[in-house]
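Colleague: Fold the following.
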Amino acid sequence: MKRIMVTGGLGQIGSELVPYLRDRYGRENVIVADIRVPENLEEIEPFVKLDVRDEEAIIRVIKENDIDFIYHLAAILSARGEQNPQLAFDVNIRGLYAMLEAGRKTGVERIMVPSSIAAFGPETPKDNTPNDTILKPRTMYGISKVTGELLGLYYWEKYGLDVRGVRYPGIISWKAPPGGGTTDYAVEIFYYALRGEKYTCFLREDATLPMMYMPDAIKAITQLAEAPSENLVHRTDFNVQAMSFSPGELVEEIRKYVDFEVEYRPDYRQKIADSWPRSLDDSAARREWGWKPDYDLPTMVRDMIENLRRKLGV
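Modeller: Model prediction:
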């Protein structure tokens, strides 16, 4: 039975990945690690408070809990990272290095390190973006993701530490709140729509970006985690495509269920979005480990509306 640690386990992806893993491997075998202690600690345990920049602390937690499998999700996301690039560098790059070193020294079996479409930049082809292409991001978050992809590959080839990752697009969830990303509008807008409030979107109406519903995000990283190593040509940099849409297209789909008002006022996040692809070529993931999403725009919106209505009581 695997003993798993999820860093950033209280974050957007971690808060939904942890229950999935606990259902599969047993609650006691999945340790939540985060820098903040949750108010509902009894519901979250087993839990450890952990600063991912502290290599000695990571090693101690791995040894004390017999960890052999890590999902390293702790990170400062794109929009928040541009507000504090020094913190983003510290957590995303120094934190990853500490995690890889701890993994190397303790002999863990595998470390999953998500990358992002932020790894791409203005020079990258925008449509059907290849898996292997130019990576020249202009954000600290993007720089940290390219660094992470290369570090993970280095530790695999140099030390045999099995590091894997998918390049996540924007993630949409009805359970977890937005985490400071450039695609947060695609979560926020549902709350405003169902409360009958006007929404001010920080991206242009036509700003098309790759997106993914949370069930597919969980499916992608866990499916890759369990893929036979001998099947993988790539390792830390898999494109995964589910859907692509603009704020205007999302609004049109939501209005099939509820009418609401939207205003577009692009801010600094629009420049970040302009540097990212509109769609991804994920043929490598499909070929090497059988990736296939379950949700498109209409099925995602319908599921979001149904679940948020129950959650909000509207």
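
Colleague: what's the helix-or-strand element of the chain with minimal mean pLDDT packed up against?
Modeller: Every helix and strand of the chain was ranked by mean pLDDT, DSSP states H and E. The lowest is helix 78-83, at a mean of 90. Here helix 78-83 touches helix 85-89, helix 140-159, helix 268-274, going by 3 or more Cβ pairs under 8 Å, 6 or more residues apart in numbering; DSSP states H and E. In this view, the C-beta of every residue, glycine as well, is placed from N, C-alpha and C.

Colleague: want to try TSV for these, with mean neighbour count and mean pLDDT as columns?
Modeller: Below are these laid out as TSV (neighbours: other Cβ atoms under 10 Å; pLDDT from 0 to 100):
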stretch	mean neighbour count	mean pLDDT
helix 85-89	16	97
helix 140-159	20	98
helix 268-274	17	92
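
Colleague: Those: which one's closest to residue 233?
Modeller: In terms of Cβ to Cβ, the element of those nearest to residue 233 is helix 140-159, at 11.8 Å.

Colleague: what's the closest of the helices and strands packed on helix 78-83 to residue 215?
Modeller: Among the helices and strands packed on helix 78-83, helix 140-159 sits nearest to residue 215 (Cβ to Cβ), with 22.7 Å.

Colleague: list the helices and strands the closest one packs on?
Modeller: helix 78-83, helix 85-89, helix 95-106, strand 115-116, strand 162-164.

Colleague: could you give the angle of it to helix 95-106?
Modeller: 20 degrees (axes from the mean of the first three to the mean of the last three Cα atoms, to 10 degrees).

Colleague: chain center to helix 140-159, what's the gap?
Modeller: 16 Å (Cα atoms, centre = their mean, to the nearest Å).

Colleague: Could you write out the alpha-carbon coordinates of that helix in CSV?
Modeller: Only the C-alpha atoms of helix 140-159 are listed here, as CSV (Å, rounded to 0.1, in the frame of the first residue of the first chain):
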residue,chain,number,x,y,z
MET,A,140,7.9,34.3,-12.6
TYR,A,141,5.3,31.5,-12.3
GLY,A,142,6.0,30.4,-15.9
ILE,A,143,9.7,30.6,-15.4
SER,A,144,9.4,28.4,-12.3
LYS,A,145,7.4,25.8,-14.3
VAL,A,146,10.0,25.6,-17.0
THR,A,147,12.6,25.2,-14.3
GLY,A,148,10.5,22.5,-12.7
GLU,A,149,10.1,20.5,-15.9
LEU,A,150,13.9,20.6,-16.5
LEU,A,151,14.8,19.9,-12.9
GLY,A,152,12.4,16.9,-12.8
LEU,A,153,13.9,15.5,-16.0
TYR,A,154,17.4,16.0,-14.6
TYR,A,155,16.7,14.2,-11.4
TRP,A,156,15.2,11.3,-13.4
GLU,A,157,18.1,11.0,-15.7
LYS,A,158,20.8,11.7,-13.1
TYR,A,159,19.5,10.0,-10.0
